[in-house]
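A.B. asks: Curious how this folds, go ahead:
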Amino acid sequence: MKLYEGVKIDAHAHIGEFGGWANVACDPDELLALMRLHNVERSCVFYWDNAMVHRAAVEHPRKITGIVWPDPRQRGARDLVHRALTDWHFKGVKLHPLIHAFLPNDEIVYPIMEEARKARVPVLIHSGHPPFSLPWSIGELAENFRDVTIVMLHMGHGHGVYIQAALSVAKRYDNVYLETSGMPMHTKIKEAVEVIGEERVMYGSDVPFHDPGVEIARVCASGLSQAQLEKVFYANAKEVLRL
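C.D. replies: Residues are numbered from 1 along each chain as shown. Now for the predicted structure:
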């Protein structure tokens with residue numbers, strides 16, 4: 001296996017501290033060091049302290065792109081999203097149904113989806129864990145917002161049934177894209193490209209939960225051609241996130 005040496009865009013990265021069971025953290029300097037090591041041109045970054053992400057994006061505008069992460073259950077979530085997308089020039093919305101305990105197609109999500117629609121930015125959604133973040137539920141949201149691009153983070157994550165469901169949902173809804181981080185089956189990355197098209201699969205590292213070297217190697221082991229790797233590692237995220 002030969003590793004891809006071209007420039008990359010990381011569609012899924014974090015700064016901040018994640019305590020408890022995760023016990024991981026990453027500050028902007030550590031993220032930038034990882035980016036230099038792995039030839040990553042730009043990282044799409046989110047954390048529940050959105051002001052922290054905004055500061056990092058202002059300090060490193062050519063390297064860090066902000067993605068707003070609201071809790072749809074909270075008063076002011078829509079205002080936060082609107083401000084981030086308009087005043088802060090963030091490039092997308094992150095939703096984590098598992099952490100914030102809501103179903104993707106719950107009506108509390110709709111105002112946020114409307115903001116994404118108006119700003120013409122993608123919505124990136126954590127997938128792969130019951131009961132709140134299963135691919136089928138994300139598909140329900142995609143059906144109701146066919147003109148909003150939805151990126152299913154982890155493309156089903158670590159469960160084979162959920163990974164296959166992610167592929168099925170993306171095949172059914174052409175507004176659903178798949179992101180590769182944390183998904184252990186390298187063969188499913190190539191299958192995704194074959195099933196839904198090389199333009200709708202993109203690389204992410206999920207730093208600091210996962211090491212970019214491992215995530216890059218998994219994509220490279222999938223058997224994609226060099227042209228397909230260039231799309232997955234760079235061109236697709238650049239297009240979808242308008243970077």
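
A.B. asks: residues in contact with the longest helix seen in the chain?
C.D. replies: Longest helix of the chain, by residue count under DSSP state H: helix 160-172. Helix 160-172 is contacted by residues 127-128, 134-136, 138-139, 142, 152, 155-157, 176-178, 183, 185, 188, 191-192, 195-196, 200 when judged by Cβ atoms under 8 Å, 6 or more residues apart in numbering. Glycine gets a C-beta too; all of them are placed from N, C-alpha and C.

A.B. asks: Just the ones of those residues in strands?
C.D. replies: Among these, the residues falling in strands (DSSP state E) are 152, 176-178.

A.B. asks: ok, of these, which one's closest to Glu114?
C.D. replies: Closest approach between those and Glu114, by Cβ to Cβ: Val176, at 18.4 Å.

A.B. asks: pLDDT wise, what is the closest one at?
C.D. replies: The model reports Val176 with a pLDDT of 98.

A.B. asks: quick one: the closest residue to it other than its chain neighbours from Pro135, how far?
C.D. replies: Using Cβ to Cβ, 6 or more residues apart in numbering and skipping the chain neighbours, the partner closest in space to Val176 is Ala170 (4.3 Å). Separation of Ala170 from Pro135 (Cβ to Cβ, to the nearest Å): 8 Å.

A.B. asks: go on, Glu41?
C.D. replies: From Glu41 to Pro135 the distance is 29 Å (Cβ to Cβ).

A.B. asks: With neighbour numbers in mind, choose between those two.
C.D. replies: Neighbours were counted for Glu41 and for Pro135 using other Cβ atoms under 10 Å; Pro135 has more, 28 against 16.

A.B. asks: Can you give me every residue that contacts the more buried one?
C.D. replies: Residues in contact with Pro135 (Cβ under 8 Å, 6+ apart) are 127-128, 152, 156, 162, 165-166, 168-169.

A.B. asks: run the last query once more with 6 Å
C.D. replies: By Cβ atoms under 6 Å, 6 or more residues apart in numbering, the contact set of Pro135 is 127, 156, 162, 165-166, 169.

A.B. asks: Also Tyr177?
C.D. replies: For Tyr177, the contact set (Cβ under 6 Å, 6+ apart) comprises 151, 200.

A.B. asks: just the one 5 residues further on next, same as before
C.D. replies: Neighbouring residues of Gly182 by Cβ under 6 Å, 6+ apart: 154, 157, 206, 210.

A.B. asks: The host helix or strand of Ala11: how far from the chain's middle?
C.D. replies: Using DSSP states H and E, Ala11 maps to strand 8-14. Averaging C-alpha positions (Cα atoms, centre = their mean, to the nearest Å) puts strand 8-14 8 Å from its chain's average.

A.B. asks: Alright, that wraps it up for me.
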